[in-house]
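Colleague: with the sequence up front, the predicted model follows.
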Amino acid sequence: MKRVVVIGLVSYLAFALEFLLYNFWGPWGKPELLILVVIFFNLYLGIRFGIIAAVFCGIFKDASGVAPFGTYVLVYIAGSYVTTLVRRYLYQPGSRFSRSLAAFFVVTGCFIVQAILSNMYHEAETQNFSSLLFYILVPQLLTTMIAATYVFAQLKNISVFFALKT
């Protein structure tokens, strides 16, 4: 129960920080902190707690967005499963490169799911995929990859402080 409460609080904190960063610096200054929270708890505590983090993060993001409710829950749960696949086949424990690689694949996977869902909801509008890549994926990838190591270190400190891993 303590783990779930800490995951919920950390998810809310990440959501609030994303909101503040976006309002100060726009899309080029906002890393995807919620995705990093999902990746961290999946790598640190396993798939069950990664899915719990995905649900919390998705609910917070859905509650503040204009997309149909449940869109981001689905996106973050898909990200949790992508993290599990990366962890199984590519991840080397303790390697910064592996954590960055996991972040790269998960952000890219979440972008693809988000683009597919966006096209499903807006059938009448045709979206230019190259503009989606430049205006959404590139800022997400760059800022998230830059922030990933620092965010993972801080999340590790929070987890150690609350003694989440026994």
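Modeller: Ah, there it is.
Colleague: so what's the spatially most central residue of the chain up against?
Modeller: Among the residues of the chain, residue 35 comes closest to the average C-alpha position under C-alpha atoms, centre = their mean, at 0.7 Å. The contact partners of residue 35, taken as C-beta atoms under 8 Å, 6 or more residues apart in numbering, are 57, 76, 79, 103, 106-107, 110, 144. In this view, the C-beta of every residue, glycine as well, is placed from N, C-alpha and C.
Colleague: next helix or strand past the helix or strand containing it?
Modeller: Counting by DSSP states H and E, the element that carries residue 35 is helix 33-45. Next along the chain after helix 33-45, taking DSSP H and E as the criterion, comes helix 47-64.
Colleague: format the CA atom coordinates belonging to the helix or strand following that following helix as PDB.
Modeller: Downstream of helix 47-64, the first helix or strand assigned by DSSP H and E is helix 71-89. Taking only C-alpha atoms (Å, rounded to 0.1, in the frame of the first residue of the first chain), the coordinates of helix 71-89 have been written out as PDB:
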ATOM      1  CA  THR A  71      -6.400   8.200 -24.100                       C
ATOM      2  CA  TYR A  72      -3.300   8.800 -22.000                       C
ATOM      3  CA  VAL A  73      -4.000   5.900 -19.700                       C
ATOM      4  CA  LEU A  74      -3.800   3.700 -22.800                       C
ATOM      5  CA  VAL A  75      -0.600   5.600 -24.000                       C
ATOM      6  CA  TYR A  76       1.200   5.200 -20.700                       C
ATOM      7  CA  ILE A  77       0.200   1.500 -20.300                       C
ATOM      8  CA  ALA A  78       1.600   0.900 -23.800                       C
ATOM      9  CA  GLY A  79       4.700   2.700 -22.700                       C
ATOM     10  CA  SER A  80       4.900   0.400 -19.700                       C
ATOM     11  CA  TYR A  81       4.800  -2.700 -21.900                       C
ATOM     12  CA  VAL A  82       7.400  -1.200 -24.300                       C
ATOM     13  CA  THR A  83       9.600  -0.700 -21.200                       C
ATOM     14  CA  THR A  84       9.200  -4.300 -20.300                       C
ATOM     15  CA  LEU A  85      10.200  -5.400 -23.800                       C
ATOM     16  CA  VAL A  86      13.200  -3.100 -23.800                       C
ATOM     17  CA  ARG A  87      14.100  -4.400 -20.300                       C
ATOM     18  CA  ARG A  88      13.900  -8.000 -21.400                       C
ATOM     19  CA  TYR A  89      15.900  -7.700 -24.600                       C
END
